[in-house]
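S.K.: generate a structure from the sequence data that follows.
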Amino acid sequence: MQQARLKGTDNGAAATALLQAMLEAVDTGVAAFDDQGCLLAGNGLFITMLDRAGLLSPGHAGVEPDRLGGVALNDLAPGLADRPAQVRGPGGRVFDISYKTDPAGLDGTLIQLLDVTGRVIDAGAVDEARLKAEQIEHARNAFVSQVAHHFRTPLHVILGYVDLLANAEPGSLDPAARNSYLDFIRESAAALLLNMNEMMEIIRLQRGELPVELEIRDLGQLVGSAVQEVQADLDAEQAVLDSAAAVADLTGVRSNIDVRLARRGINSLLRTCAVLGGQGCQLELSSGASGADKARLNLSFHTGRASPEDVVASVDLHEPVKEISLTGRASGYGIVLAVLLLKACNVQVAVEAGEGSLVVITISFDAISRN
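M.R.: Coordinates of the predicted model:
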């Protein structure tokens, strides 16, 4: 390479050799350029890093470093003309670049390239971990808030009526009042237990801990058995369910599903919607085809204990319906649980708010065959 010009010295070849030896001994890319911008000396790593950073001029690719002495910086690496502090190469590697003018008696500039890919990746990993921790903390706070809301209400009811019974003077409560207090306690305890069970089941579903066993089964039989199993809870709410036509239409339509999970999902959906609708509500199941390979089951009802928008938000956000009246037959988590159970066995669920208080829930099955 061209001989370095050192202030106050004229060591010639010895100075150049010493500078080159020093440059090759470091683990960063280093090169010295004179005050005219021509290369005086540089180590092989400097040229390698220029290439990895996408800065090396194509005309000098593959040229041995010791043959580049005297080459102008603008010719060797035009991208360094604006003195970037950091560049990212085509392969994703990241390099920090520093420039020192007239260092240690050199008339010119010393340029150093440092591969900081690992440091950048580590910083990115730290940022990603921090973001994930913040998301977990947000989810935890939201979860605790939900649990507090849905568990505190039945607990207050239980404690309140227990205090009434405990503080009542002997003989001051007639049997009817005493039995009503006990009914309130029993109903609230059942609601608390149902909330806990459904909440824990949702957690297992979200973690993928519930096994799924797919098999080809008749959809009419599936829906019919689900309706029979939930009928007692519907009767307790005095809810009227119109399902005969849907069961008949789906009889003979087969789908590859997990019958156990799908039936439990439909059960939870019907129970929860009956409670959301309020005493004496009307539920309607209807069916229809969606293309040659899809079968639909539609559940429509008018809400009486929550707004349609709250029901839709519950499904979209996987959060309980806040306004639902807690009973031993349904909880705020019921619709979320139903949707997760159905989705776990390859069934799609969509919830829409209709006019007024109408809610329409559409369950779409993959139809394997139709008899």
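S.K.: from Arg83, how far out is the residue nearest to the spatial centre of the chain?
M.R.: By C-alpha atoms, centre = their mean, the chain has its centre lying nearest to Gln135, at 9.4 Å. Going from Gln135 to Arg83 by C-beta to C-beta, to the nearest Å gives 39 Å. Every C-beta, even on glycine, is put in place using the N, C-alpha and C of the backbone.
S.K.: ok, and the closest non-adjacent residue to Ser357?
M.R.: Spatial nearest neighbour of Ser357, excluding adjacent residues (C-beta to C-beta, 6 or more residues apart in numbering): His302 at 4.4 Å.
S.K.: residue contacts, the one you found?
M.R.: With contact set as C-beta atoms under 8 Å, 6 or more residues apart in numbering, His302 has these partners: Gly277, Cys281, Gln282, Gly356, Ser357, Leu358, Val359.
S.K.: can you tell me which of those are in strands?
M.R.: Judged by DSSP state E, strands contain the following of the contacts of His302: Gln282, Leu358, Val359.
S.K.: any idea which of those has the most stuff around it?
M.R.: Val359 (24 neighbours; other C-beta atoms under 10 Å).
S.K.: contacts only, for that residue.
M.R.: For Val359, the contacting residues are Cys273, Leu276, Ser300, Phe301, His302, Thr303, Pro308, Val311, Val312, Val351, Glu352, Ala353, by C-beta under 8 Å, 6+ apart.
S.K.: repeat that for 6 Å
M.R.: Contacts for Val359 (C-beta atoms under 6 Å, 6 or more residues apart in numbering) come out as Thr303, Pro308, Val311.
S.K.: Ile335 now?
M.R.: Ile335 neighbours (C-beta under 6 Å, 6+ apart): Thr272, Ser314.
S.K.: that one: what secondary structure?
M.R.: helix (DSSP: H, G, I helix; E, B strand; the rest coil).
S.K.: could you do Glu169 as well?
M.R.: coil.
S.K.: could you tell me the per-residue confidence at it?
M.R.: As predicted, Glu169 sits at a pLDDT of 86.
S.K.: what about the helices in the stretch 101-250 of the chain?
M.R.: All helices of the stretch 101-250 of the chain, identified by DSSP state H, counting those that start in this stretch, fall at 117-167, 175-206, 219-236, 244-250.
S.K.: buried residues in the shortest one?
M.R.: When neighbours are counted by 16 or more other C-beta atoms under 10 Å, the buried residues of helix 244-250 are found to be Ala246, Val247, Asp249, Leu250.
S.K.: what does it contact?
M.R.: With contact meaning C-beta under 6 Å, 6+ apart, helix 244-250 is reached by Leu219, Gly220, Val223, Gly224, Leu285, Ser286, Ser287.
S.K.: beyond that helix, next helix or strand please.
M.R.: With elements assigned by DSSP states H and E, the helix or strand that comes after helix 244-250 is strand 253-257.
S.K.: give the partner strands of that following strand in its sheet and their orientations.
M.R.: strand 215-218 (antiparallel), strand 369-370 (antiparallel) (DSSP bridges).
S.K.: I'd like the average pLDDT over stretch 41-54.
M.R.: Computed over stretch 41-54, the average pLDDT equals 87.
S.K.: quick one: buried residues of it?
M.R.: Neighbour-count burial for stretch 41-54 flags Ala41, Gly42, Asn43, Leu45, Phe46, Ile47, Met49, Leu50, Asp51, Arg52, Ala53 (criterion: 16+ other C-beta under 10 Å).
S.K.: what about Cys273, helix or strand, and which?
M.R.: helix 259-277.
S.K.: next, the angle strand 253-257 makes with that helix.
M.R.: Relative orientation of helix 259-277 versus strand 253-257 (axes from the mean of the first three to the mean of the last three C-alpha atoms, to 10 degrees): 100 degrees.
S.K.: check contacts around the closest residue to Ile202 other than its chain neighbours.
M.R.: Once flanking residues are discounted, Ile202 sits nearest to Leu337: 5.5 Å by C-beta to C-beta, 6+ apart. Residues in contact with Leu337 (C-beta under 6 Å, 6+ apart) are Glu198, Ile202, Ser268.
S.K.: at 8 Å instead, please
M.R.: Shown in contact with Leu337 (C-beta under 8 Å, 6+ apart): Glu198, Glu201, Ile202, Leu205, Gly265, Ser268.
S.K.: same list (the residues you listed) but as a markdown table, adding distance to Asp316 and pLDDT.
M.R.: Putting those into a markdown table (distance: C-beta to C-beta, whole Å; pLDDT from 0 to 100) gives the following:
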| residue | distance to Asp316 | pLDDT |
| --- | --- | --- |
| Glu198 | 18 | 84 |
| Glu201 | 20 | 85 |
| Ile202 | 15 | 83 |
| Leu205 | 16 | 84 |
| Gly265 | 17 | 94 |
| Ser268 | 17 | 92 |
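S.K.: okay, the residue nearest to Ser357: pLDDT?
M.R.: 95.
S.K.: show me what it is bridged to.
M.R.: With DSSP bridges as the rule, His302 is bridged to Leu358.
S.K.: nearest residue to Arg83 in space, please, no chain neighbours.
M.R.: That would be Tyr99: by C-beta to C-beta, 6+ apart, it lies 5.6 Å from Arg83.
S.K.: quickly find the element holding the one you found.
M.R.: strand 94-101.
S.K.: can you tell me which helices and strands that strand packs against?
M.R.: strand 86-88, strand 108-115 (3 or more C-beta pairs under 8 Å, 6 or more residues apart in numbering; DSSP states H and E).
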